[in-house]
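**Q** no sequence for this one, just the structure:
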């Protein structure tokens, strides 16, 4: 049983956005994140060893209810707590801060990227200058040096951040180093720290993304994580200090399989209850149409195969005896594969739910919007594909070989490698215009091809049902259909028949596979059943000329008041988790 099994059905995790202002909805995500954190109760050992519980947290389907809570938790535990835990053995004073972060008594942020420096963050311009009295002066010298995205606005819980800055010591640049910085006390920003709230991302759950500035903020010497010495290799020292980003790359990819499970289950249940009238006058569930069942079954099969890949990728990533470059490349391949499949499926499944699929309350489009952030965070998919594809093409290292070189996906991977390496031989170097023109646009396809092959190998090794594996292979073949026609003589008709056979094998067992995914407890979408839909409709604000239910104050929790508009707290009471402030609603004269 997942640690969040009981938490998923508490009022805190049910839809309750009616009448709640946007800025207050964001605060609900903090409370959700805090309750998930309590359910998992991660320890420093979990963070440092990347325990089973750590990965279980990052693949919990409860984030299908709120992707913003997922972002808060990976910032809290992987980025902030993970960095603190790295330095704690040499700096025992960090232990108290780490304990507060793990207990979620303070919010932990990770301020690395700057407005003007994304993937080239190694050229950041934030400075931390060592003063004669032993303090550091943390400063944002230019607008483009503002730290970008992490939510640092006060939300009622004190906030600290790991802030990366260029250390200037005795006038010399000693490289980029991490510092522990007090951001706010929960209600007011710390002296010299300024936060500017960014507009909301389109379609995603509300989130307090921010720009953060430091105006000559004084830090004690102990705020520095690590030493002030200038490293022999500044680049390698920097990559060590941000090594939790590599963990974050694979951790964010972990959101993919549960997103597929939740979205495919919602689309399947909706398609079973939604009917049309056939020529004989009988009502026919729309899932019986090939155009409906195929994308649902595709996403379902992908979720099982990607679960197998997830387990194998984590095992390789945790192997400290392996070349770190290979481990980081594995994280990138894992993320590209997971997110690409999940996002493609979410788009298709949202469309297959028609107009009802457009609404956030039905989860699918919200999951897609939330995951757009995951696709960019810790290295956007194209950026990391370019980096690791280039290194693999230059043969600086290699990924584990396939278990089955005769398989379609293994042949595809080898074919893309051969094609791009042949092009590379004719170039002066990998920074030439020809490389930019002929290789860079194909880097994503190469990383994706490696990921598809690895997912297939993992599924076969895990002895997954053959029909699920066949469905996965068919779905990957469709992504580069022309290559299989050109190189393997697999016609478009043959490709369609592969898919049809797999669909026909899985469809009679659909209920079995939906049960095995076990995510119904994490689904709040009203379109999955008549009972939920009727309850949802009954609670909608209603207007009529009958004088009834113009706006039901008692049902919405809004009381009549002869005064002007004001806000009141909205609470949820739960026997196990207590009373939660969910947000505020306008209290006005009705």
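**A** Noted; the coordinates are in hand. Quick caveat: nothing in here was measured; it's all calculated off a predicted structure. Residues are numbered from 1 along each chain as shown.
**Q** check which residues of stretch 95-104 are buried.
**A** By neighbour count with 16 or more other C-beta atoms under 10 Å, stretch 95-104 contains the buried residues 97, 98, 100, 101, 102, 104. Just so you know, the C-beta spots here come from the backbone N, C-alpha and C atoms, and that holds for glycine as well.
**Q** could you pull out the helices in the stretch 151-300 of the chain for me?
**A** Assigned by DSSP state H, counting those that start in this stretch, the stretch 151-300 of the chain shows helices spanning 234-241, 244-253, 256-273, 290-318.
**Q** how about the strands in this protein?
**A** Remark: strands assigned in the chain by DSSP state E are 107-111, 127-130, 136-139, 147-149, 159-169, 172-184, 193-197, 210-214, 217-219, 275-277, 283-285, 566-574, 578-587.
**Q** relative to residue 210, how far out is residue 199?
**A** 11 Å (C-beta to C-beta, to the nearest Å).
**Q** of those two, which one has the most company?
**A** For residue 199 versus residue 210, neighbours defined as other C-beta atoms under 10 Å are more numerous around residue 210 (22 against 6).
**Q** pLDDT score assigned to that one?
**A** If you check residue 210, the pLDDT there is 94.
**Q** wait, it touches residue 146, no?
**A** No: under the criterion of C-beta atoms under 8 Å, residue 210 makes no contact with residue 146, lying 9.2 Å away.
**Q** any residues in contact with both of those two?
**A** With contacts defined as C-beta atoms under 8 Å, 6 or more residues apart in numbering, the residues shared by residue 210 and residue 146 are residue 196.
**Q** any stretches of the stretch 451-590 of the chain with poor pLDDT?
**A** For the stretch 451-590 of the chain, residues meeting the criterion pLDDT under 70 lie at 546-590.
**Q** residue 300 and residue 370, how far apart?
**A** 20 Å.
**Q** for this structure, name the helix or strand with the lowest mean pLDDT.
**A** helix 553-556 (a mean of 37; mean pLDDT, DSSP states H and E).
**Q** what's next to stretch 30-47, contact-wise?
**A** Contacts to stretch 30-47, defined as C-beta under 8 Å, 6+ apart, come from residues 3-4, 7, 10, 12-13, 51, 53-54, 56-57, 60, 62, 65-66, 69, 72-73, 76-78, 81-82, 85, 88, 98, 102, 104, 107, 155-157, 577, 580-582.
**Q** ok, now which ones touch the residue nearest in space to the middle of the chain?
**A** For the chain, residue 374 is the residue whose C-alpha lies nearest the centre (C-alpha atoms, centre = their mean; 3.7 Å). Residue 374 sits next to 67, 70, 71, 252, 253, 255, 339 when contact means C-beta under 8 Å, 6+ apart.
**Q** using JSON lines, please lay out the residues you listed together with neighbour count.
**A** Converted to JSON lines, the contacts of residue 374 look like this (neighbours: other C-beta atoms under 10 Å):
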{"residue": "67", "neighbour count": "25"}
{"residue": "70", "neighbour count": "30"}
{"residue": "71", "neighbour count": "26"}
{"residue": "252", "neighbour count": "27"}
{"residue": "253", "neighbour count": "31"}
{"residue": "255", "neighbour count": "28"}
{"residue": "339", "neighbour count": "22"}
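**Q** which of the residues you listed sits closest to residue 183?
**A** The closest of those to residue 183 turns out to be residue 71 (C-beta to C-beta; 16.8 Å).
**Q** against residue 38, how distant is the closest one?
**A** From residue 71 across to residue 38, the span is 18 Å (C-beta to C-beta).
**Q** could you do residue 413 as well?
**A** Distance, residue 413 to residue 38, by C-beta to C-beta: 43 Å.
**Q** of these two, which one has the most company?
**A** The neighbour count for residue 413 versus residue 38, taken as other C-beta under 10 Å, is higher for residue 413 (23 against 13).
**Q** please tell me how far the more buried one sits from residue 405.
**A** In terms of C-beta to C-beta, residue 413 sits 10 Å off from residue 405.
**Q** residue 365 now?
**A** Per C-beta to C-beta, residue 365 is found 40 Å from residue 405.
**Q** of these two, which one has the most company?
**A** Taking other C-beta under 10 Å, residue 365 and residue 405 do not tie; residue 365 has more neighbours (22 against 11).
**Q** which residue ranges form the helices in the stretch 351-500 of the chain?
**A** According to DSSP H, counting those that start in this stretch, the helices that the stretch 351-500 of the chain contains are 364-376, 381-393, 408-425, 433-438, 443-461, 466-479, 481-488, 492-506.
**Q** any chance of those helices in a markdown table, with distance to residue 185 too?
**A** Formatted as a markdown table, the helices of the stretch 351-500 of the chain follow (distance: least, C-beta to C-beta, whole Å):
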| stretch | distance to residue 185 |
| --- | --- |
| helix 364-376 | 27 |
| helix 381-393 | 36 |
| helix 408-425 | 53 |
| helix 433-438 | 49 |
| helix 443-461 | 44 |
| helix 466-479 | 50 |
| helix 481-488 | 57 |
| helix 492-506 | 55 |
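**Q** which of those helices sits closest to residue 281?
**A** helix 492-506 (26.9 Å).
**Q** elements contacting the closest one?
**A** helix 290-318, helix 466-479, helix 481-488 (3 or more C-beta pairs under 8 Å, 6 or more residues apart in numbering; DSSP states H and E).
**Q** out of those helices, nearest to residue 121?
**A** Taking those one by one with C-beta to C-beta, helix 290-318 is closest: 22.0 Å.
**Q** any idea of the mean pLDDT in the closest one?
**A** 97.
**Q** what's the angle from that helix to helix 443-461?
**A** For helix 290-318 against helix 443-461, the angle by axes from the mean of the first three to the mean of the last three C-alpha atoms, to 10 degrees is 90 degrees.
**Q** give me the angle between helix 290-318 and helix 492-506.
**A** Put simply, helix 290-318 runs at 80 degrees to helix 492-506, going by the same axes, to 10 degrees.
**Q** list the helices and strands helix 290-318 packs on?
**A** If you count contacts as 3+ C-beta pairs under 8 Å, 6+ apart, helix 290-318 packs onto helix 244-253, helix 256-273, helix 324-352, helix 443-461, helix 466-479, helix 492-506, helix 510-517.
**Q** output those as JSON lines; include the columns distance to residue 43.
**A** As requested, the helices and strands packed on helix 290-318 are arranged in JSON lines below (distance: least, C-beta to C-beta, whole Å):
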{"stretch": "helix 244-253", "distance to residue 43": "16"}
{"stretch": "helix 256-273", "distance to residue 43": "23"}
{"stretch": "helix 324-352", "distance to residue 43": "23"}
{"stretch": "helix 443-461", "distance to residue 43": "29"}
{"stretch": "helix 466-479", "distance to residue 43": "35"}
{"stretch": "helix 492-506", "distance to residue 43": "40"}
{"stretch": "helix 510-517", "distance to residue 43": "29"}
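**Q** and for stretch 460-474, what's in contact with it?
**A** Outside stretch 460-474, the residues touching it (C-beta under 8 Å, 6+ apart) are 297-298, 300-302, 304-305, 308, 311-312, 403-404, 407-409, 455-456, 459, 495, 498-499, 501-503, 505-506, 509, 513.
**Q** actually, stretch 162-173.
**A** Taking C-beta under 8 Å, 6+ apart as the rule, stretch 162-173 contacts 79-80, 83-84, 108-112, 121, 124-130, 136, 138, 147, 174-181, 214, 224-225, 228, 230, 241-242.
**Q** just the buried members of these?
**A** Buried among those by 16+ other C-beta under 10 Å: 79-80, 83-84, 108-112, 121, 124-130, 136, 138, 147, 174-181, 214, 224-225, 241-242.
**Q** surely residue 229 and residue 174 touch.
**A** Yes: look at residue 229 against residue 174 with C-beta under 8 Å: they come within range, at 7.0 Å.
**Q** find residues that contact each of those two.
**A** The contact sets of residue 229 and residue 174 do not overlap (C-beta under 8 Å, 6+ apart).
**Q** and stretch 406-425, what's buried?
**A** So, applying 16+ other C-beta under 10 Å, buried residues of stretch 406-425: 407-413, 415-417, 419-420, 423-424.
**Q** and which of these is nearest to residue 92?
**A** residue 413 (47.6 Å).
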